[in-house]
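[1] Turn this into a structure:
(chains A and B)
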Amino acid sequence: MTAGSAAAPRARIAFDHVSVAFASARGTMRVVDDVSYEIRDREFVAVIGPSGCGKTTMMNIVAGFMQPTAGRVLLDGRPVPGPGPDRGVMFQEYGVFPWLSVRDNIAFGLTLRANRVTGAERREIVDRYMRLMGLAEFADAWPKTLSGGMRQRLALARAYAVRPEFLLMDEPFGALDAQLKLLIEAELMRLWQAARQTILYVTHDLHEAIVMADWVVVFSARPARIRAIQPIDIPRPRDLTDTRFLPKFRELHETLWELLRPETNHPGAAA
Amino acid sequence: MTLAMIPQGEYEELALAERTRHRSRQRRIRLIRLVLLAGIVGLWQWAAGRVIDQSWLSSPSEIAARLWGWTLDGTLPYNSWITLQEMGIGFLIGASTGIVAGIALGLSETVGDTLHPFVLAVYSLPKVAMGPLFILWFGIDMQMKIALSAITVFFLVFWNAYAGVRQSDQELIDTVRMMGASRLQLIVKIIVPGTLAWIYSGLKLSVPYALIGAIVGEIIAANRGLGYLIAYSAGNFDTAGVIGALLVLMAISVVLNMIIGHSERRAFRWQTTRES
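    Numbering: from 1, shown residues only, chains lettered A, B, ... in the order given. You can find the predicted model right below:
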């Protein structure tokens, strides 16, 4: 299944009949069931579904942390190698190093051999992202002294600093309150409009998915099957606050909400 | 009342008053402690020989005299130094092997899970009970106390390092793996710093145990050391000597804990909130 129009540029991330089963003491548990879809270059794709449905599992496969039980996941046409700096990941918990200052946190990825740059370049990149994320005055602070929102900005800056081609985000702002969430989503949009990574964004927040994504993949409860692939045809650039009041938003929200309801409520919905 | 409502000059005055109040409270507490201590020692001195038999609790003056005498004839420095060496060497050996083994076993899940019950079995053995075995192995000189001290410390540090590595933040590890870190970089830059707090609490916990190892070893069999001094004094019904040696032991323990606490605060600046 391919989303969107027919004249598709090549897929950057492709799920090809992917199934995942976990072995446990009581037998095997099917978590992902025959999932196929493709994400093209520079697309922002949101993945939604009931919690525990296997969304994170699929993201972990793209990240290279695990292998599908059946089917394959292709990255630019080739099976996913192990984890690598071409893909940046961001999780819900504050993925920052508590023992490094803000500056050193952002610089961390740039000191690894995989993406080493010269000292001058590193300073420039770090300074730029500190400025972009409003962290400049906290350059030498420990993460512990930052608020939750600031720490997620830091995590975002660190992910961006190594300039990945893909961003894999697993409910990155799920722990923030609504207001902070809106602010940092706007930051993410700004960064993405400028750099245009291909983004796979796992969430269970419908609002978030609709206001940010190009299209949304809706999964069923476990085992995850594709319920629907819903293009979000709201023009960009979108104002994250205003978008929520558009009739189109309400319409999409209703459609997706219907799809997310338990299977028993609407038998004909399986994709 | 919020800070914004107070004019700047007034705020500084208030802050100053608050600081002064805090300091005078600290002074008062210190003074009360001294009075309490003096009261206890005075009561003890008064009660000794009047209410309580001298041979039970001795008396502060007698203990002071004994400690002074031991200091003059070198008994106290000599035996304290022996005990300190035993515990120090034991601590170093136990701590270093504990850290290395804990991290190594924590890193290798299969090896760690395989060996877990064995380590647990040895751990659950009261270390004191190994004293006689260590006498067979090392004789009754310092090595045996060092061994007893080291094995006690080893397990405390080992468990902490092991648990610390096992509880490393998986999301942090995944993030760093994605950034292209090698396994060595992962261990050096993420797992070890993340485990340091655990190791430190293990080290802190094990200082008094290192002392226990050395002292128990000396009480079991020795001809020098503070434990020996305690056992020897007790053997001669010298209550003043026993309590005197215990007080020295207490002092050593307190000083060691203070040193450890201080170094911990230095190493973990990133854990405490800092106002800027």
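[2] Would you tell me which residues of chain A are close to chain B?
    Counting by CB under 8 Å from any CB of the partner chain, the positions of chain A adjacent to chain B are A:63-65, A:82-85, A:87-91, A:93, A:95, A:97-100, A:108-109, A:112-115, A:141-145, A:159, A:162. Backbone N, C-alpha and C define where each C-beta goes, glycine included.
[3] Name only those of those residues that count as buried.
    Among those, those classed as buried by 16 or more other CB atoms under 10 Å in any protein chain shown are A:63-65, A:83-85, A:87-91, A:93, A:95, A:97-100, A:108-109, A:112, A:114-115, A:141-143, A:145, A:159, A:162.
[4] Might you list the low-confidence residue ranges for the stretch 51-200 of chain A?
    For the stretch 51-200 of chain A, residues meeting the criterion pLDDT under 70 lie at A:94.
[5] In it, what residue lies closest to chain B?
    residue A:114 (2.5 Å; CB to the nearest CB).
[6] Of the residues of chain A next to chain B, which belong to strands?
    Mapping the residues of chain A next to chain B onto strands (DSSP state E) picks out A:87-90.
[7] picking up where we left off before, how far away is the residue of the stretch 51-200 of chain A closest to chain B from residue B:170?
    20 Å (CB to CB, to the nearest Å).
[8] How about residue B:248?
    Counting by CB to CB - residue B:248 and residue B:170 are separated by 48 Å.
[9] One more: residue A:102?
    In terms of CB to CB, residue A:102 sits 23 Å off from residue B:170.
[10] Who has more neighbours out of those two?
    Between residue A:102 and residue B:170, counting by other CB atoms under 10 Å in any protein chain shown, residue A:102 is the more crowded of the two (28 against 11).
[11] Quick one: residues contacting that one.
    A:130, A:135, A:138-141, A:143, A:146, A:154 (CB atoms under 8 Å, 6 or more residues apart in numbering or on different chains).
[12] would you list every one of the strands in the stretch 151-271 of chain A?
    Here the stretch 151-271 of chain A has its strands, by DSSP state E, counting those that start in this stretch, at A:166-170, A:198-202, A:215-219, A:226-231.
[13] The residue sitting nearest the centre point of chain B: which element?
    The centroid of chain B falls nearest to residue B:207 when counting by CA atoms, centre = their mean (2.9 Å). Counting by DSSP states H and E, the element that carries residue B:207 is helix B:192-220.
[14] which helices and strands sit right next to the helix or strand just after that helix?
    Sequence-wise, the next helix or strand downstream of helix B:192-220 (DSSP H and E) is helix B:226-235. Contacts defined by 3 or more CB pairs under 8 Å, 6 or more residues apart in numbering or on different chains; DSSP states H and E place helix B:226-235 against helix B:75-107, helix B:192-220, helix B:239-267.
[15] re earlier: nearest to residue B:188, of the contacts of residue A:102?
    Nearest to residue B:188 among the contacts of residue A:102: residue A:143, at 19.7 Å, using CB to CB.
[16] Okay, residue B:67 and residue B:236: tell me how far apart.
    Applying CB to CB to residue B:67 and residue B:236 gives a distance of 16 Å.
[17] what about the two, which has more around it?
    residue B:67 (19 against 9).
[18] residues in contact with the more buried one?
    By CB under 8 Å, 6+ apart, the contact list for residue B:67 reads B:76, B:244, B:247-248.
[19] and whichever strand or helix holds it, how far from the chain's centre?
    According to DSSP H and E, residue B:67 maps onto helix B:60-72. Here helix B:60-72 is found 26 Å from its chain centre; the criterion is CA atoms, centre = their mean, to the nearest Å.
[20] and what of stretch A:183-199?
    11 Å.
[21] Could you export it as CSV, CA atoms only?
    The C-alpha atoms that make up stretch A:183-199 are tabulated as CSV, following Å, rounded to 0.1, in the frame of the first residue of the first chain:
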residue,chain,number,x,y,z
LEU,A,183,5.6,25.6,21.7
ILE,A,184,8.1,22.9,21.1
GLU,A,185,6.0,21.5,18.3
ALA,A,186,6.3,24.9,16.6
GLU,A,187,10.1,24.7,17.1
LEU,A,188,10.1,21.3,15.5
MET,A,189,8.1,22.6,12.5
ARG,A,190,10.4,25.5,12.1
LEU,A,191,13.5,23.2,12.1
TRP,A,192,11.8,20.8,9.7
GLN,A,193,10.7,23.5,7.3
ALA,A,194,14.3,24.6,7.1
ALA,A,195,16.1,21.3,6.9
ARG,A,196,13.4,18.9,5.7
GLN,A,197,14.4,15.6,7.2
THR,A,198,12.2,12.6,6.6
ILE,A,199,10.3,12.2,9.9
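[22] any idea what sits nearest residue B:241, other than its immediate chain neighbours?
    Sequence neighbours aside, residue B:233 is the residue nearest to residue B:241 in space, at 3.0 Å (criterion: CB to CB, 6 or more residues apart in numbering or on different chains).
[23] ok, now how distant is that neighbour from chain A?
    Note on residue B:233: its distance to chain A, by CB to the nearest CB, to the nearest Å, is 48 Å.
[24] give the contact list for that residue.
    B:239-242, B:244-245.
[25] Which of those residues ranks first by neighbour count?
    residue B:245 (31 neighbours).
[26] isn't it right up against residue B:229?
    Yes - the criterion here is CB atoms under 8 Å, and residue B:245 meets it with residue B:229 at 4.5 Å.
[27] Could you pull out the residues contacting both of these two?
    The contact lists of residue B:245 and residue B:229 share residue B:79, where a contact means CB under 8 Å, 6+ apart.
[28] any idea of the pLDDT on the closest residue to the residue of the stretch 51-200 of chain A closest to chain B other than its chain neighbours?
    In this structure, residue A:114 finds its nearest non-sequential neighbour in residue B:180, 2.5 Å apart by CB to CB, 6+ apart. On pLDDT, residue B:180 comes in at 83.
[29] Name the SS class of residue B:180, please.
    Here residue B:180 is recorded as coil under DSSP: H, G, I helix; E, B strand; the rest coil.
[30] where's it relative to residue A:64, distance?
    Applying CB to CB to residue B:180 and residue A:64 gives a distance of 11 Å.
[31] re earlier: between the contacts of residue B:67, which sits nearest chain A?
    Using CB to the nearest CB, the contacts of residue B:67 come closest to chain A at residue B:248, 38.5 Å.
[32] for chain B, which helix is longest?
    helix B:8-47 (DSSP state H).
[33] roughly how far is whichever helix or strand comes after that helix from the heart of the chain?
    As assigned by DSSP H and E, the chain's next helix or strand after helix B:8-47 is helix B:54-57. How far helix B:54-57 lies from its chain's middle: 30 Å, per CA atoms, centre = their mean.
[34] what does stretch B:100-116 give?
    On CA atoms, centre = their mean, the centre of stretch B:100-116 falls 26 Å from that of its chain.
[35] Is it positioned near chain A?
    No - on the criterion CB under 8 Å from any CB, stretch B:100-116 is out of touch with chain A, staying 15.2 Å away.
[36] now the end-to-end length of that stretch.
    End-to-end distance for stretch B:100-116: 16 Å, by CA to CA, to the nearest Å.
[37] For it, buried residues please.
    B:101-103, B:105-107, B:112.
[38] ditto for stretch B:216-230
    B:216-222, B:224-230.
[39] Can you measure across it, start residue to end residue?
    11 Å.
[40] what's around residue B:57, how many residues?
    The number of residues near residue B:57, taken as other CB under 10 Å, comes to 18.
[41] Lovely, talk soon.
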